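*Asks:* structure for this input, please:
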Amino acid sequence: MEKICVAVRVRPPVAPETSNVTYWKPEDNRISLHKPLGTPISDHVFDQTCTNASVYELLTREIIHAAVEGFNGTAFAYGQTSSGKTFTMNGSETDPGIIHRAVKDIFEKIQMTTDREFLIRVSYMEIYNEEINDLFAVENQKLQIHESLERGIYVSGLREEIVNSAEQVLKLFESGEVNRHFGETNMNVRSSRSHTIFRMVIESKGKDTHSSSEYSSADAVRVSVLNLVDLAGSERIAKTGAGGVRLKEGKYINKSLMVLGNVINKLSEGARQRGHIPYRDSKLTRILQPALGGNAKTSIICTIAPEEVHIEETKGTLQFASRAKRITNCAQVNEILTDAALLKRQKLEIEELRNKLQGSRA
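*Replies:* Predicted coordinates:
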């Protein structure tokens, strides 16, 4: 069994909060509040000086490479509002975030993989007020979640773009960001008002160097799904000053994050005590179901703010991280046999049966 990789990242204090006392202090894989906490609550703790490059290298790079090899992968940032989740995922011009680094890394990895051919499709969705909207096609709103044996859990009607370069993907990503819901609160000038999922579907098959036919009769197609998720932050109405539309958005955000916390709690209890796991209570957890409890390699970055005013929210985030650290899952390569491969397998089985029949007659 593989453990889901969990990290805590402490953002630097922002200008209006510099007069507040900093209570949380990272130390190795622990974090302290006045005094060190005895048990490590995550696999890594990143302090205020840490860059997105360091987070990516230690926490996400391995998952990205595994996705190219056929493993499902997910990376997402969780935490209170204004704690640095969007910066971790999107970054800046001087310090690109996980999404930008992952996209470039995928295409570099593909270029080095000379024995396989690849097809990459990307999509970008948001969950706003518990409704799924397509950020590549604004007319595609209120999309539904479906499940099938071939595709697993997927969003019906979501636009997918076939891409062949990192530059093309990042251009599409930027166009989708324009359609995302943001708003101003007392806690954040540009607060994310929706959860977003940037998805890359990576298909590959081995190159047939010994046959003139289009497909190798013995090959299988690997299909992996990579989810890069920027969650909206949990928030307290009294601190954000939310009202009207912002208040409604905050309620939906907090509800879906509460369900995510419940799912994490159930998964961390152990196989015998889990019982029902409420994936279907939220569209966020339903979409992320394979990443949390199934066939996927997953990393969770829990972001916190270091100031005194955020103590209670930080405790909740650290509790989430501690529970997530105890979850295990089993990731496997996803392979689908081509029609040619199935035909060859059937021919071999028929030939084997014929030989057995002739042997019994003799």
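*Asks:* right, and the helix or strand after the one helix or strand in the chain whose mean pLDDT sits lowest?
*Replies:* Across the helices and strands of the chain, mean confidence by mean pLDDT, DSSP states H and E is lowest for strand 35-36: a mean of 48. Per DSSP states H and E, the first helix or strand lying C-terminal to strand 35-36 is strand 44-46.
*Asks:* so what strands line up beside that next one?
*Replies:* Paired with strand 44-46 in the same sheet, following DSSP bridges, are strand 5-10 (parallel).
*Asks:* C-alpha coordinates for the partner strand, CSV please?
*Replies:* Extracted in CSV, the C-alpha atoms of strand 5-10 (Å, rounded to 0.1, in the frame of the first residue of the first chain):
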residue,chain,number,x,y,z
CYS,A,5,2.0,12.3,0.5
VAL,A,6,1.0,15.3,2.7
ALA,A,7,2.8,18.6,3.3
VAL,A,8,2.2,21.8,5.3
ARG,A,9,3.3,25.1,3.9
VAL,A,10,3.5,28.3,6.0
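*Asks:* quick check: next helix or strand after the helix or strand hosting Leu318?
*Replies:* According to DSSP H and E, Leu318 maps onto helix 311-324. Where DSSP H and E defines the elements, the next helix or strand beyond helix 311-324 is strand 328-329.
*Asks:* so what strands line up beside that next one?
*Replies:* strand 2-3 (antiparallel).
*Asks:* now the strand it pairs with: average pLDDT?
*Replies:* Averaged across strand 2-3, pLDDT comes to 79.
*Asks:* and stretch 157-168, by the same measure?
*Replies:* Across stretch 157-168, the average pLDDT comes to 96.
*Asks:* change the start of the numbering to 48 and stick with it
*Replies:* Sure, I'll start numbering at 48, so the last one becomes stretch 204-215.
*Asks:* buried stuff in that stretch?
*Replies:* By neighbour count on 16 or more other C-beta atoms under 10 Å, the buried set for stretch 204-215 is Leu205, Arg206, Val210, Ala213, Gln215. Using the backbone N, CA and C atoms, a C-beta is placed for each residue, glycine as well.
*Asks:* quick revisit: just the angle for the helix holding Leu365 relative to strand 52-57, thanks.
*Replies:* Here helix 358-371 runs at 160 degrees with respect to strand 52-57, directions being taken by axes from the mean of the first three to the mean of the last three C-alpha atoms, to 10 degrees.
*Asks:* tell me the contacts of the closest residue to Leu182 other than its chain neighbours?
*Replies:* Once flanking residues are discounted, Leu182 sits nearest to Gly223: 3.6 Å by C-beta to C-beta, 6 or more residues apart in numbering. Each residue near Gly223 by C-beta atoms under 8 Å, 6 or more residues apart in numbering is listed here: Tyr171, Leu182, Phe183, Phe245.
*Asks:* what of Asn376?
*Replies:* Asn376 touches Met48, Glu49, Ile51, Leu339, Gly340, Gly341, Asn342, Ala343, Thr345, counting by C-beta under 8 Å, 6+ apart.
*Asks:* can you put these in TSV and add distance to Val276, neighbour count and secondary structure?
*Replies:* Listed next are the contacts of Asn376 as TSV, based on distance: C-beta to C-beta, whole Å; neighbours: other C-beta atoms under 10 Å; DSSP: H, G, I helix; E, B strand; the rest coil:
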residue	distance to Val276	neighbour count	secondary structure
Met48	23	7	coil
Glu49	19	12	strand
Ile51	14	23	coil
Leu339	11	23	helix
Gly340	16	21	helix
Gly341	16	17	coil
Asn342	17	17	coil
Ala343	12	28	coil
Thr345	10	26	strand
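*Asks:* okay, these in TSV with distance to Glu155 next?
*Replies:* Putting those into TSV (distance: C-beta to C-beta, whole Å) gives the following:
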residue	distance to Glu155
Met48	30
Glu49	25
Ile51	26
Leu339	28
Gly340	31
Gly341	28
Asn342	25
Ala343	22
Thr345	22
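*Asks:* next, give me the two most distant ones among these.
*Replies:* Using C-beta to C-beta, the pair of the contacts of Asn376 lying farthest apart is Met48 and Leu339, separated by 14.1 Å.
*Asks:* returning to that earlier point: among the buried residues of stretch 204-215, which are in helices?
*Replies:* Residues of these located in helices (DSSP state H): Ala213, Gln215.
*Asks:* farthest pair within the buried residues of stretch 204-215?
*Replies:* Across the buried residues of stretch 204-215 (C-beta to C-beta), the longest gap, 21.4 Å, separates Leu205 and Ala213.
*Asks:* for Gln336, see how far away the closest residue to Ile209 other than its chain neighbours is.
*Replies:* Excluding its sequence neighbours, the residue lying closest to Ile209 (C-beta to C-beta, 6+ apart) is Arg168, at 5.5 Å. Note on Arg168: its distance to Gln336, by C-beta to C-beta, to the nearest Å, is 20 Å.
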